[in-house]
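1. fold the following, please.
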Amino acid sequence: MKQEWLAIRENTAIAPGVYRVTLEGETLEELHPGSFVNLRMDGLFLRRPLSVFDSEPGRLKLIYKVVGKGTERLSALAPGSKLDVLTGLGNGYDLAKAGSHTLLLGGGVGVPPLYFAARKLLAAGKRVTAVLGFNSAAEVFGEAEFHALGCAVTVTTVDGTFGTKGFVTDALPEKYDYFLCCGPMPMLRAVARATRTDGQFSFEERMGCGFGACMGCSIQTRGGAKRVCREGPVFEKAEILWDGEEK
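-> Numbers count the residues shown, from 1 in each chain. Next comes the predicted model:
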């Protein structure tokens, strides 16, 4: 964990209520796909955890949805504003375990960390297919960016106004040998039931501290309770205990 003061270069709406913010800092190191950062907003006690959309030395990109006071204040900040950011939090995706054809499954604001993972996988010579799920056409983002990387991309919408009608589980390809997933809990459960290979899930739990002190973001695993912010946010499919399952 490292504290950084980062300057906003861009803070732009990319879908209704969804923004992309680019942060810059001379000492900022490249982060890991699936990790997250914690932003302090003036006047609010708790920091706001956000997953990493993309990262390189000196520059960090985040995508966030306005859901409360913290993200609302963030959306109003102009280029040049400075943010107090804790970086390098959480354990991200273990890309070394990915197969030759990795499937990425993202729902809503669960899509951003998969972009960073896709870029790294493609650079390592892997084949990547992305299935991105949204409620409607108005909420879709990221399709062009995944295409530009070289991914095969399918978009699903619940109401059928764009792409394939239904959920990400309605658009699983016939062949893949590993998967990475991020999205809301109902989607994660559905993906766990529908996929037939090993994979990794990134959880979107509410966090108090963001570094493991408060235990408020724990989930149940076959190895006992584990903290999403500390041992996660990424867990392997085989270790997760879904509701109703026993060790």
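2. so where's this structure uncertain?
-> 205-216, 244-247 (pLDDT under 70).
3. report the central residue of it.
-> Pro113 (3.4 Å; CA atoms, centre = their mean).
4. let me know whether it touches Val52 as I believe.
-> Yes. Applying CB atoms under 8 Å as the test, Pro113 and Val52 come out as touching, 6.1 Å apart. Placement of C-beta: from N, CA and C, glycine included.
5. now the residue nearest to the centre of the chain: which helix or strand?
-> helix 112-123 (DSSP states H and E).
6. now do the buried residues in that helix.
-> Neighbour counts over helix 112-123 (16 or more other CB atoms under 10 Å) mark Pro112, Pro113, Leu114, Tyr115, Phe116, Ala117, Ala118, Arg119, Lys120, Leu121 as buried.
7. before we move on, what about stretch 190-201?
-> Ala190, Val191, Ala192, Thr195, Gly199, Gln200, Phe201.
8. dump the residues you listed into JSON lines; add distance to Glu143 and secondary structure as well.
-> Shown next, in JSON lines, are those (distance: CB to CB, whole Å; DSSP: H, G, I helix; E, B strand; the rest coil):
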{"residue": "Ala190", "distance to Glu143": "21", "secondary structure": "helix"}
{"residue": "Val191", "distance to Glu143": "19", "secondary structure": "helix"}
{"residue": "Ala192", "distance to Glu143": "25", "secondary structure": "helix"}
{"residue": "Thr195", "distance to Glu143": "22", "secondary structure": "coil"}
{"residue": "Gly199", "distance to Glu143": "22", "secondary structure": "strand"}
{"residue": "Gln200", "distance to Glu143": "22", "secondary structure": "strand"}
{"residue": "Phe201", "distance to Glu143": "22", "secondary structure": "strand"}
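9. from those residues, which is closest to Ser100?
-> Nearest to Ser100, judged by CB to CB, of the buried residues of stretch 190-201 is Gly199 at 14.3 Å.
10. so that closest one bridges to which residues?
-> Under the criterion DSSP bridges, Gly199 forms beta bridges with Phe179.
11. what's the domain layout of this protein?
-> Here the domain parsing of the chain from automatic domain parsing is 2-89, 95-204.
12. of the ones you listed, flag the one that's most buried.
-> domain 95-204 (a mean of 19; mean count of other CB atoms under 10 Å).
13. so how far is it off the chain centroid?
-> Relative to the chain's own centre, domain 95-204 is displaced by 11 Å; criterion: CA atoms, centre = their mean, to the nearest Å.
14. just the endpoints, please. Distance across it?
-> 19 Å (CA to CA, to the nearest Å).
15. who's in contact with stretch 69-76?
-> Residues from elsewhere that reach stretch 69-76, judged by CB atoms under 8 Å, 6 or more residues apart in numbering: 11, 13, 19, 21, 39, 41-44, 46, 48, 64-66.
16. mind running it again at 6 Å?
-> Tyr19, Met41, Leu44, Arg48, Tyr64, Val66 (CB atoms under 6 Å, 6 or more residues apart in numbering).
17. contacts only, for the second one.
-> What that stands for is Met41. Taking CB under 6 Å, 6+ apart, one finds Gly70, Arg73 in contact with Met41.
18. need the phi and psi values for the residue lying closest to Leu241 once chain neighbours are set aside.
-> Excluding its sequence neighbours, the residue lying closest to Leu241 (CB to CB, 6 or more residues apart in numbering) is Gln220, at 4.3 Å. Main-chain dihedrals, Gln220, degrees, to the nearest 10: phi -90, psi 130.
19. could you measure from the closest residue to the residue nearest to the centre of the chain other than its chain neighbours over to Ala124?
-> In this structure, Pro113 finds its nearest non-sequential neighbour in Ser51, 4.3 Å apart by CB to CB, 6+ apart. Ser51 sits 21 Å away from Ala124, going by CB to CB, to the nearest Å.
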